[in-house]
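Peer 1: Give me coordinates for this.
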Amino acid sequence: MRILIIDDEESIRRTLTVLLEGLGHEITCASNGAAALKELDKAQFDVAFLDVKLDNENGIELLPDLLRGNVHMDIVVFTAFASIESAVEAMKAGATDYLAKPFTPEQIRQLLRKVGKTRQLEGRVANLESRLSSVTPPADHETVEPSMQRAFHLSFTVASTSASVLLLGESGTGKSVMARAIHERSAQKDNAFVTISCPSLSGELLESELFGRVKGAYTGATNDSWGKVAVADGGTLFLDEIGELPLDIQPKLLRLLQEREYERVGESKTRRANVRVIAATNRNLETAVREKTFREDLLYRLNVVPIHIPPLRERPRDLKRMAEGYLKFFGAQCGKKLNGLSPEADTALQRYAWPGNLRELRNVIEHAVIFAGSSRIELADLPDKLSQPGARGEGNGVQVGMRVSLEEIENEHIRRILAQTTTMEEAAHVLHISRATLYERKKKLSP
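Peer 2: Predicted structure coming up:
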């Protein structure tokens with residue numbers, strides 16, 4: 001933790017600093033209230049040790065000012081003139097605990113253990129509240145498909161270790177759900193599960209989000225930030241779409257994986273973090289290594305246990321059960337009691353190619369529940385792409401191994417990639433062709 005010691009006696013500051021640094025904490029000292037407030041303007045602290053008598057100042061009267069910009073900081077008041085009245089006054093003013101001088105090293109250790117445990121519980125509550133507020137359907141860990149059974153077996157076996165995991169699969173196959181399932185079965189389960197979406201921010205902002213920053217590190221950095229690595233310390237850091245991680249950040253992630261060390265943006269101080277890393281990608285990282293857009297040594301560190309999550313079109317025997325699970329969930333949300341799918345609707349789901357995988361299935365069932373006018377889902381309740389005559393999904397459901405031409409297979413693949421990506425540039429990158437070539441191929445695709 002980052003700890004601020006506020007005491008006018010140099011011997012107390014020095015003794016407490018040696019003790020706390022020996023326990024692995026980062027220490028800053030201040031001899032009076034003005035100096036303490038100046039330090040709090042520069043950085044955030046987890047804990048402050050505050051002396052009641054600071055020369056001509058009353059430490060308890062200083063408490064509201066200390067907490068004004070640091071509402072999550074725990075303040076421990078200590079004094080050589082302990083009394084019940086001053087303890088009550090300190091707690092009313094916002095102190096977390098009260099300690100009489102002289103104190104022993106064991107008292108300090110116990111106090112910080114208590115603070116740390118409270119913070120851990122607060123983090124778990126915040127994590128649970130975040131998950132509940134998202135109101136998502138429960139995770140489905142059942143399957144009758146051998147390929148998915150293997151994915152679950154590998155995931156749940158590696159969960160109990162500290163090994164890095166690389167989840168591979170198309171967009172929407174449930175890689176983030178699998179990452180959380182691994183975390184919940186790991187030794188880190190009581191600590192934070194923190195997600196970073198690698199394509200979501202520019203390189204500079206992504207580095208700041210990941211490793212933290214100091215005030216003034218770059219234009220717009222108006223305050224300190226600890227970063228997601230610090231938040232995930234002791235827990236799991238999930239790097240979604242790791243294939244999009246900018247090349248200049250990759251050595252810093254490699255250092256975190258190898259040395260458990262990192263530095264905040266704009267700061268030279270080396271920090272340590274014990275995080276379990278799970279990464280996911282829909283890209284071929286070996287191809288990215290050959291193209292020099294992804295570091296080979298980073299791939300080796302991430303790819304300790306690779307796990308392939310199969311697409312939904314390769315899980316036909318799971319489809320109906322998952323659809324009915326979503327149906328039950330969204331039916332309850334909408335206040336509708338639905339008794340499954342009509343034979344026609346079921347057939348339409350089975351014939352569709354599902355380029356968007358589980359994410360698309362969820363959206364289709366939610367759409368159907370909203371428009372359902374009877375006690376079951378009818379064909380007309382499904383989106384047009386499934387309910388129109390002859391609909392079989394993107395590219396009319398052409399699959400590898402069918403008795404079709406190579407051009408039809410290529411066209412089907414192009415359609416699916418276009419459906420999964422947001423720009424022509426991104427689609428061209430996935431297909432490893434130029435945008436001009438992609439435009440020409442797209443013109444020739446049948447509507």
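Peer 1: Quick test: name the residue nearest the centre of this protein.
Peer 2: Centroid-nearest residue in the chain, with CA atoms, centre = their mean: residue 195, separated by 1.0 Å.
Peer 1: mind checking the SS state of that residue?
Peer 2: Assigned with DSSP: H, G, I helix; E, B strand; the rest coil, residue 195 falls in the strand class.
Peer 1: any idea which helix or strand carries the closest residue to residue 37 other than its chain neighbours?
Peer 2: Nearest residue to residue 37, sequence neighbours excluded (CB to CB, 6 or more residues apart in numbering): residue 65, at 6.2 Å. In short, each C-beta sits where N, CA and C put it, glycine included. Assigned by DSSP states H and E, residue 65 belongs to helix 59-68.
Peer 1: Could you check the pLDDT of the residue nearest to residue 37?
Peer 2: We note a pLDDT of 85 for residue 65 in this prediction.
Peer 1: mind checking how far it is from residue 19?
Peer 2: In this view, residue 65 and residue 19 are 26 Å apart by CB to CB, to the nearest Å.
Peer 1: Comparing the two, which residue is more hemmed in?
Peer 2: Taking other CB atoms under 10 Å, residue 65 and residue 19 do not tie; residue 19 has more neighbours (16 against 13).
Peer 1: any residues touching the helix or strand where that one lies, and which ones?
Peer 2: Following DSSP H and E, one finds residue 19 within helix 10-22. Contacts to helix 10-22, defined as CB atoms under 8 Å, 6 or more residues apart in numbering, come from residues 3, 5, 7, 27, 29, 31, 49, 51, 101, 105, 108, 112.
Peer 1: Can you flag the buried ones in those?
Peer 2: 3, 5, 7, 27, 29, 31, 49, 51, 108, 112 (16 or more other CB atoms under 10 Å).
Peer 1: where in the stretch 51-200 of the chain is pLDDT low?
Peer 2: Within the stretch 51-200 of the chain, the segments meeting pLDDT under 70 span 69, 71, 82-83, 123, 125-135.
Peer 1: Quick one: the helices in it, in order.
Peer 2: In the stretch 51-200 of the chain, the helices defined using DSSP state H, counting those that start in this stretch lie at 59-68, 84-93, 105-134, 146-158, 175-184.
Peer 1: Need the ones you listed in a markdown table (columns: distance to residue 444).
Peer 2: What follows is the helices of the stretch 51-200 of the chain, written out as a markdown table (distance: least, CB to CB, whole Å):
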| stretch | distance to residue 444 |
| --- | --- |
| helix 59-68 | 65 |
| helix 84-93 | 74 |
| helix 105-134 | 41 |
| helix 146-158 | 33 |
| helix 175-184 | 33 |
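Peer 1: hmm, back to that, how about the contacts made by the residue nearest to the centre of the chain?
Peer 2: If a contact means CB under 8 Å, 6+ apart, then residue 195 has 176, 238, 240 as its contacts.
Peer 1: next one: residue 7
Peer 2: Listed by CB under 8 Å, 6+ apart, the contact set of residue 7 reads 13, 16, 29, 31, 49-51, 54.
Peer 1: how near is the residue lying farthest from the centre of the chain to residue 94?
Peer 2: Seen from the C-alpha centroid of the chain, the residue lying at the greatest distance (CA atoms, centre = their mean) is residue 56, 47.6 Å away. As judged by CB to CB, residue 56 and residue 94 stand 22 Å apart.
Peer 1: Could you do residue 332 as well?
Peer 2: 43 Å.
Peer 1: of these two, who's got more company?
Peer 2: The residue with more neighbours, out of residue 332 and residue 94, is residue 94; 16 against 12, by other CB under 10 Å.
Peer 1: Verify the contact between the more buried one and residue 70 for me.
Peer 2: No: using CB atoms under 8 Å, residue 94 makes no contact with residue 70, being 10.4 Å away.
Peer 1: Contacts only, for the residue farthest from the centre of the chain.
Peer 2: Residue 56 touches nothing, counting by CB under 8 Å, 6+ apart.
Peer 1: quick one: it from residue 142, how far?
Peer 2: 69 Å.
Peer 1: now do residue 312
Peer 2: Per CB to CB, residue 312 is found 15 Å from residue 142.
Peer 1: ok, these two, which is more surrounded?
Peer 2: Between residue 312 and residue 142, counted using other CB under 10 Å, residue 312 has the larger neighbour count: 23 against 11.
Peer 1: pLDDT at the more buried one, what is it?
Peer 2: The predicted structure lists residue 312 with a pLDDT of 92.
Peer 1: ok, now how distant is it from residue 362?
Peer 2: On the measure of CB to CB, residue 312 and residue 362 end up 11 Å apart.
Peer 1: Same question for residue 437.
Peer 2: 33 Å.
Peer 1: which one of these two has more residues nearby?
Peer 2: residue 362 (20 against 12).
Peer 1: Pull the contacting residues for that one.
Peer 2: Contacts of residue 362 (CB under 8 Å, 6+ apart): 137, 326.
Peer 1: what is the mean pLDDT for the helix or strand containing it?
Peer 2: Assigned by DSSP H and E, residue 362 belongs to helix 357-371. The average of the pLDDT scores along helix 357-371 is 93.
Peer 1: now that helix: how far from the chain's centre is it?
Peer 2: Distance of helix 357-371 from the chain centroid (CA atoms, centre = their mean, to the nearest Å) equals 25 Å.
Peer 1: repeat for stretch 8-21
Peer 2: 37 Å.
Peer 1: can you tell me the average pLDDT over that stretch?
Peer 2: Rounded mean pLDDT across stretch 8-21 is 89.
Peer 1: now swap in stretch 254-273 and tell me
Peer 2: Mean pLDDT, stretch 254-273: 90.
Peer 1: Quick check: buried residues in it?
Peer 2: Buried, per 16+ other CB under 10 Å, within stretch 254-273: 254, 256-257, 262, 264-265, 271, 273.
Peer 1: got any ranges where the stretch 301-447 of the chain has weak pLDDT?
Peer 2: For the stretch 301-447 of the chain, the stretches with pLDDT under 70 are 389-404, 420, 422, 446-447.
Peer 1: Please enumerate the helices of it.
Peer 2: 316-334, 343-351, 357-371, 384-387, 406-420, 424-431, 435-444.
Peer 1: who does the shortest one touch, helix- and strand-wise?
Peer 2: The one in question is helix 384-387. Secondary-structure packing of helix 384-387 (3 or more CB pairs under 8 Å, 6 or more residues apart in numbering; DSSP states H and E): helix 343-351.
Peer 1: Now do the buried residues in the helix it packs on.
Peer 2: For helix 343-351, a neighbour-count test (16+ other CB under 10 Å) marks 345-346, 348-349 as buried.
Peer 1: any idea which of those residues is the one closest to residue 228?
Peer 2: residue 349 (37.8 Å; CB to CB).
Peer 1: Quick check, that closest one in contact with residue 321.
Peer 2: No: taking contacts as CB under 8 Å, residue 349 lies outside contact range of residue 321: 11.5 Å.
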